[in-house]
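> I would like to see how this sequence folds:
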Amino acid sequence: MVILASTTVKGQITQPVWWYGVSGAANFNFYTGTTQQLNNSLTVPTAFHNGNGVRPYGSVLLEYRPSPIWGAILNVGYDGLGAQYDGVSAPCDCPATLKSDLAYVSIEPSLRLGFRSSGLYFFAGPSLAINTNKDFAYTQLKQPNTDAEFSSVNSTIFSGQVGAGFDIPVSRATSLSKVSLSPFISYHPYFGQDPRSIESLSVTTVRVGIALKFGKAHKVPVATTPALAVPAAIPVADVTFTVRGPIAAPVILQVSETVPMLNAVFFDDGSTGIPTRYVLLTNDQASGFKEESLQNEQSASGAARSAGQLNVYHNVLNVLGDRMRANPGATITLDGSSPKGPADGKELAGSVKQYLVTVFGIDGSRIATRGTHDAYPSSQQPGDTNDLALRHAEDRRVDIHSDSPEILTEVGGGMMNPVQITTTLANPLDNDVVFDVDSAKELVRSWSVDATDGQGAVQHFGPFTAGQQGIPGATILGSSPGGDYKITMLAEMNNGSTVKKESTVHLVSPNPVITKGFRYSIIFGFDKAKTIEEYNKFLTAIVAPLIIDGVTVTIHGHTDIIGTEGYNQKLSEERSQQTQKILEGAITNSGRDHVKFETLAYGADPAHAPFANDTPEERFYNRTVIIDIVPVKQ
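Numbering: from 1, shown residues only. Predicted coordinates for the structure are as follows:
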């Protein structure tokens with residue numbers, strides 16, 4: 001058998017994640033305050049007040065850009081903060097001058113915020129400066145010139161800085177070695193910038209300069225085979241590619257949301273005090289606290305909304321105190337766990353008990369405390385070797401247990417009864433262009449999408465591994481009011497070949513429709529995907545009855561960052577699919593139909609994660625499936 005084939009190998013260039021370089025700048029220094037005692041042996045007859053000067057700045061830099069939107073910058077360099085002070089006149093009517101040459105080694109980490117379609121970026125962060133030079137030069141008519149060092153100079157000064165820059169690529173678009181010139185300007189306020197521990201001098205600096213950055217891009221090979229002479233009798237593995245644009249009128253949901261309440265309080269390592277991130281009230285504040293005060297409408301934006309939900313959880317001890325106060329027959333048991341041992345765990349539980357007794361006035365006989373070495377369920381499993389610090393932090397906690405239904409939920413999960421809040425948000429799938437690659441799990445290793453507008457501009461998305469992926473229509477449109485887009489899907493198959501599919505989609509900037517909806521969240525135990533035992537009753541008795549004919553149910557599965565990317569993706573898929581299976585069964589048993597499911601799984605993808613992963617409670621809340629039900633008929 002002879003197969004004639006012509007193969008073209010192309011490549012797509014990804015932007016570097018890590019950049020290295022140097023920067024040079026001019027520091028425009030502005031001094032205010034007073035100095036007269038220059039050192040232990042020289043106090044000049046007339047005080048100096050204001051001064052200014054231009055001094056050099058140079059640094060080596062490291063820049064981390066995992067995405068065009070956010071990143072981090074670290075500069076370590078020489079920081080000249082010298083100045084020439086305004087001249088004064090000594091009592092002898094003798095002109096006097098003072099010039100300083102203060103210099104430092106500065107360490108400046110910054111958070112970087114940029115834009116997808118522009119080289120403009122902003123940065124801000126702290127600044128630590130370590131003194132390396134204290135020289136000054138003092139002159140006075142009819143007196144010898146003095147060149148010496150300032151005394152009482154602070155060895156370090158700590159302040160902040162904020163600025164903006166613009167990345168200008170100077171290398172070819174096809175080159176793997178990327179070079180960028182980045183002019184920048186930054187402002188360093190006088191707060192904290194007191195060079196001496198005596199008198200009142202402080203310095204404000206405006207820095208103007210340019211950075212030269214280098215990065216190594218990566219080439220993602222894509223092979224296309226336009227012509228193959230293959231006998232028709234031999235089957236060829238293929239995939240089906242479909243594109244669904246945003247619906248004509250995306251839905252803005254006014255959501256009644258059930259916020260799960262973890263029955264745990266997490267403690268910082270080395271401390272038995274309740275962490276300050278939890279909301280701790282005074283006696284007067286506690287007397288007026290009601291759980292209903294947490295039900296205010298939350299923000300629609302992702303970050304602010306997540307912060308609002310965490311604020312609800314961080315009131316967990318106040319909610320617990322309010323419920324015990326309202327239900328005098330309710331009792332609880334506090335299980336403190338600590339890798340340091342049962343004694344430390346019981347001390348943690350005692351801190352929670354003391355708060356409830358002293359602040360909310362709960363009778364101590366209603367609160368039992370215990371200490372244990374191992375948390376249950378534990379995030380540390382036998383044989384684990386990765387992310388041990390994160391697992392350790394999750395097992396240093398106090399778990400709240402109760403047989404009183406007023407405290408803990410009776411419908412699964414073993415957590416405290418949830419808190420109801422109202423949230424206004426956009427249904428993400430209504431605003432997304434949804435790409436669906438059939439048979440992706442069985443045949444496709446990874447796939448990516450190019451969207452080309454009418455002017456030939458191309459946007460690249462991917463690579464993806466899941467069978468379905470949503471991309472916000474607004475991301476593709478940018479500032480454009482609408483238009484037709486050519487969609488090209490390139491899939492790398494498991495057998496090493498490449499499949500190319502094309503489609504089109506029409507996008508417009510639509511006006512949203514406001515409707516009512518419900519949102520529920522399920523929190524899973526560490527490394528758990530099954531919902532049958534703990535959440536079957538919750539899904540069938542509470543959630544399923546709200547799913548009426550004609551509604552759309554969106555299900556999003558997530559994980560925390562512990563574990564590998566592939567494993568977390570699979571785990572989130574199992575969580576979301578298992579949830580859909582239970583809901584479908586409950587709907588079928590009730591005789592309802594015409595219900596549409598949109599089910600996605602994001603793994604630990606930070607772009608879609610409901611919360612950050614910085615604290616144990618955030619990681620617990622990221623082990624979730626989120627269920628949106630919309631629209632609901634009035």
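> who does the top helix by length along the chain touch, helix- and strand-wise?
The longest helix of the chain (DSSP state H) is helix 565-589. Counting contacts by 3 or more Cβ pairs under 8 Å, 6 or more residues apart in numbering; DSSP states H and E, helix 565-589 packs against helix 532-538, strand 552-557, strand 596-601, strand 624-630. Yep, even glycine has a C-beta here, placed from its N, CA and C like the rest.
> TSV for those, including mean pLDDT and mean neighbour count?
Putting these into TSV (pLDDT from 0 to 100; neighbours: other Cβ atoms under 10 Å) gives the following:
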stretch	mean pLDDT	mean neighbour count
helix 532-538	68	16
strand 552-557	90	23
strand 596-601	89	18
strand 624-630	86	23
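> so which of the ones you listed comes closest to Val76?
Counting by Cβ to Cβ, Val76 lies closest to strand 624-630 out of the helices and strands packed on helix 565-589; the figure is 40.0 Å.
> list the buried residues for the helix or strand containing Thr139?
Assigned by DSSP states H and E, Thr139 falls within strand 135-140. Residues Phe136, Tyr138, Thr139, Gln140 are the ones in strand 135-140 that count as buried (16 or more other Cβ atoms under 10 Å).
> low-confidence stretches in the stretch 251-400 of the chain?
The stretch 251-400 of the chain contains residues with pLDDT under 70 at 251-255, 295-306, 378-387.
> same thing but 90
Scanning the stretch 251-400 of the chain with the threshold set as pLDDT under 90 gives 251-263, 269-270, 288, 290-313, 339-340, 373-395.
> for stretch 143-154, which outside residues touch it?
The contact list for stretch 143-154 (Cβ atoms under 8 Å, 6 or more residues apart in numbering) reads 37-40, 42, 94, 100, 102, 131, 134-139, 194-198.
> measure the residue lying closest to Ser110 once chain neighbours are set aside to Arg112 for me?
What sits nearest to Ser110 in space, not counting adjacent residues and going by Cβ to Cβ, 6 or more residues apart in numbering, is Gly125, at 3.6 Å. For Gly125, the distance to Arg112 (Cβ to Cβ, to the nearest Å) stands at 9 Å.
> which residues do these two both contact?
Common neighbours of Gly125 and Arg112, using Cβ under 8 Å, 6+ apart, are Ile73.
> quick one: the strands in the stretch 401-550 of the chain?
416-426, 432-437, 444-452, 458-464, 468-472, 482-493, 498-508, 513-523 (DSSP state E, counting those that start in this stretch).
> what's the closest of those to Val22?
Across these, closest to Val22 is strand 458-464 (Cβ to Cβ), at 30.5 Å.
> quick one: buried residues of that closest one?
Gln459, Phe461, Gly462, Pro463, Phe464.
> out of the residues you listed, which is nearest to Ser177?
Pro463 (22.6 Å).
> so what pLDDT did that closest one get?
Pro463 is assigned a predicted lDDT (pLDDT) of 76.
> quick one: it and Val444 touch, right?
No: applying Cβ atoms under 8 Å, one finds Pro463 not in contact with Val444, separated by 10.1 Å.
> need the residues touching each of these two.
Glu492.
> could you report the neighbour count for the closest residue in space to Thr540 that isn't next to it in sequence?
In space, and not counting its chain neighbours, Thr540 is closest to Ala586: 4.3 Å by Cβ to Cβ, 6+ apart. Neighbourhood size, Ala586 [other Cβ atoms under 10 Å]: 18.
> do you know how far Val474 is from Arg116?
Small correction: residue 474 is Ala, not Val. Distance from Ala474 to Arg116, by Cβ to Cβ: 11 Å.
> neighbour count for the two, which is higher?
Neighbour count, other Cβ under 10 Å: between Ala474 and Arg116, Ala474 has more, with 15 against 10.
> isn't Trp70 right next to Arg116, touching?
No: with contacts counted by Cβ under 8 Å, Trp70 stays clear of Arg116, the gap being 11.3 Å.
> tell me where the model's unsure across the stretch 51-200 of the chain.
For the stretch 51-200 of the chain (pLDDT under 90), the answer is 66-69, 90-93, 115-119, 142-143, 169-177, 191-192.
> so where do the strands sit in it?
So, for the stretch 51-200 of the chain - with DSSP E, counting those that start in this stretch - the strands run 51-64, 70-80, 83-85, 88-90, 94-100, 103-115, 118-133, 135-140, 146-149, 156-166, 168-169, 177-188.
> give me the helices and strands touching the fourth one, please.
Put plainly, it is strand 88-90. Helices and strands touching strand 88-90, by 3+ Cβ pairs under 8 Å, 6+ apart, are strand 42-48, strand 94-100.
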